[in-house]
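Trainee: sharing a sequence plus its predicted fold:
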Amino acid sequence: MSALGKARRIFHGGYLLTKSAFRPIFTSKMTDKTGDYSDTNGLESKTPFLIGVAGGTASGKSTVCQRIMEKLGQQHKDHAERRVVCISQDSFYRSLNPAERLRAERGQFNFDHPDAFDDKKLLAVLKDILAGKKVDIQEYDYVNNSNSSLTHTIYPADVVLIEGILVFYFPEVRDLFHMKLFVDTDSDTRLARRVPRDIMERGRDLEQVLNQYMNFVKPAFEEFCLPTKKFADVIIPRGADNLVAIDLIVHHTWDIMYKKRPGARLVNGCGGEDEATNGRLAIDLIVQHISEYLKRAPREAPAAAEYPGFSSSVPGSPQRSGKIGRPH
Ligand SMILES: Nc1ncnc2c1ncn2[C@@H]1O[C@H](COP(=O)(O)OP(=O)(O)O)[C@@H](O)[C@H]1O
Ligand SMILES: Nc1ccn([C@@H]2O[C@H](COP(=O)(O)O)[C@@H](O)[C@H]2O)c(=O)n1
């Protein structure tokens, strides 16, 4: 079986966590909402917490989202039980006209330019999600350069992760996020990951991948994606390898799911673009993490919900002391 066939089989076998020719979507359904968001300065109690995850191609955005899901104990839950959803900006590529389609087949279409996306549709869907509505999202098919016929229903959730190269590019979309993460992986590593991925999973050949990278991907990253790093609340160097950063985010997200939201400024201002506000979110995360670390005792949480704990990579962490969380 070809590598492409294998990747597709993985997808069709229902194992949505491996990136295949189609972009995986982790669906979730709202179950009992234990979170008390009543002090969030006017926000609806069931408004999901929206986390944007940006970064260059193959920086590890999807992998970081997977890790967050895993550490929040969502990965092995029945889809109907999940409280965290991850969707991809790639599901919001606009349809191509016949001439563009031909260019795309030759690797001559710029999928890294903001014009390649239907940002109005993305905005409308995110607003629906924030309004607590159920939405349908189509899987993206990288082999055919179009949306596939597979549609996933995304049910209201506590936490919604949106990952994509340009999720912070469009101001109206950017302003909807309660937390903004930027996965910062060096370009050599990203290219080294992208080449085999595009050949094995996206039906491309080496020449096409390299041409597309040099002509479109790299210049567009520098012009459109990299400048959005400044909007991030948290920058994650080395992506999913950065266990400490992932722990910080997971810890914060855990509180969103089971306790209450952070200060109103985050909710209403969505971080904003002023450095002081953005800096405060990062500091909040770090302070919160350290204080939990020092206490080495679980905070109140629903009996059914165990905080997944700190990474065992942190020396002497509560994970090792056995007082918080469960072993990985
Ligand atoms: N920390 C890592 N170490 C090794 N390979 C990784 C790591 N993170 C991601 N990858 C691999 O790199 C490729 C791109 O990762 P992915 O998370 O899909 O990136 P993105 O969503 O940013 O395009 C995938 O094949 C993935 O398995
Ligand atoms: N038909 C398409 C659509 C997108 N791409 C490339 O995908 C990249 C974004 O996905 P990541 O997982 O890498 O973030 C982007 O750089 C596009 O070039 C494509 O090749 N074909």
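Mentor: Arrived safely, thanks for sending. Ligands and ions are numbered 1, 2, ... in the order given.

Trainee: Three-state assignment for His252, please.
Mentor: helix (DSSP: H, G, I helix; E, B strand; the rest coil).

Trainee: okay, now the unreliable bits of the stretch 151-300 of the chain?
Mentor: Residues of the stretch 151-300 of the chain that meet the criterion pLDDT under 70 lie in 259-283, 285-300.

Trainee: quick one: the helices in it, in order.
Mentor: Here the stretch 151-300 of the chain has its helices, by DSSP state H, counting those that start in this stretch, at 171-174, 187-201, 206-212, 218-220, 243-258, 264-269, 275-295.

Trainee: contact partners for the residue lying closest to Ile249 once chain neighbours are set aside?
Mentor: Spatial nearest neighbour of Ile249, chain neighbours left out: Ile68 (6.2 Å); criterion: Cβ to Cβ, 6 or more residues apart in numbering. From N, CA and C alone the C-beta is placed, and that goes for glycine too. Counting by Cβ atoms under 8 Å, 6 or more residues apart in numbering, Ile68 makes contact with 84, 161, 246, 249-250, 253.

Trainee: may I ask you to name the longest strand in the protein?
Mentor: Ranked by number of residues, the top strand in the chain under DSSP state E is strand 146-154.

Trainee: any residue of stretch 94-101 touching ligand 2?
Mentor: No: judged by Cβ under 6 Å from any ligand atom, stretch 94-101 and ligand 2 are separated, with a smallest distance of 8.7 Å.

Trainee: give me the residues contacting that stretch.
Mentor: Residues contacting stretch 94-101 (Cβ under 8 Å, 6+ apart): 104, 109, 116-118, 121, 145-147.

Trainee: what comes up buried for that stretch?
Mentor: Judged by neighbour count (16 or more other Cβ atoms under 10 Å), stretch 94-101 contains these buried residues: 96, 100.

Trainee: quote the end-to-end distance of that stretch.
Mentor: 11 Å (Cα to Cα, to the nearest Å).

Trainee: swap in stretch 155-166?
Mentor: 24 Å.

Trainee: can you check stretch 179-195 too?
Mentor: Note: stretch 179-195 ends 30 Å apart using Cα to Cα.

Trainee: kindly report the same for stretch 227-234.
Mentor: The first-to-last residue distance of stretch 227-234 comes to 15 Å (Cα to Cα).

Trainee: report the buried residues of that stretch.
Mentor: Across stretch 227-234, burial judged by 16+ other Cβ under 10 Å covers 228-229, 231-234.

Trainee: and of these, the nearest to Val217?
Mentor: Val217 has its nearest neighbour among those in Thr228, at 15.6 Å by Cβ to Cβ.

Trainee: tell me which stretches of the stretch 1-150 of the chain form helices.
Mentor: Along the stretch 1-150 of the chain, the segments classed as helices by DSSP H, counting those that start in this stretch run 3-12, 61-71, 98-105, 119-130.

Trainee: so how far is Pro156 from the residue nearest to Ile249?
Mentor: 19 Å (Cβ to Cβ, to the nearest Å).

Trainee: now His76
Mentor: Separation of His76 from Pro156 (Cβ to Cβ) stands at 21 Å.

Trainee: same deal with Gln208?
Mentor: Taking Cβ to Cβ, one finds Gln208 at 40 Å from Pro156.

Trainee: ok, the two, which is more surrounded?
Mentor: Neighbour count, other Cβ atoms under 10 Å: between Gln208 and Pro156, Pro156 has more, with 22 against 17.

Trainee: output the contacts of Ile68 in a markdown table, with neighbour count appended to each entry.
Mentor: A markdown table is the format used below for those (neighbours: other Cβ atoms under 10 Å):
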| residue | neighbour count |
| --- | --- |
| Val84 | 25 |
| Leu161 | 27 |
| Ile246 | 20 |
| Ile249 | 26 |
| Val250 | 24 |
| Thr253 | 21 |
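
Trainee: neighbours of the residue of the stretch 101-250 of the chain found nearest ligand 1, just the number please.
Mentor: Across the stretch 101-250 of the chain, no residue is closer to ligand 1 than Arg193, which sits at 3.6 Å (Cβ to the nearest ligand atom). The tally of other residues near Arg193 (other Cβ under 10 Å) stands at 17.
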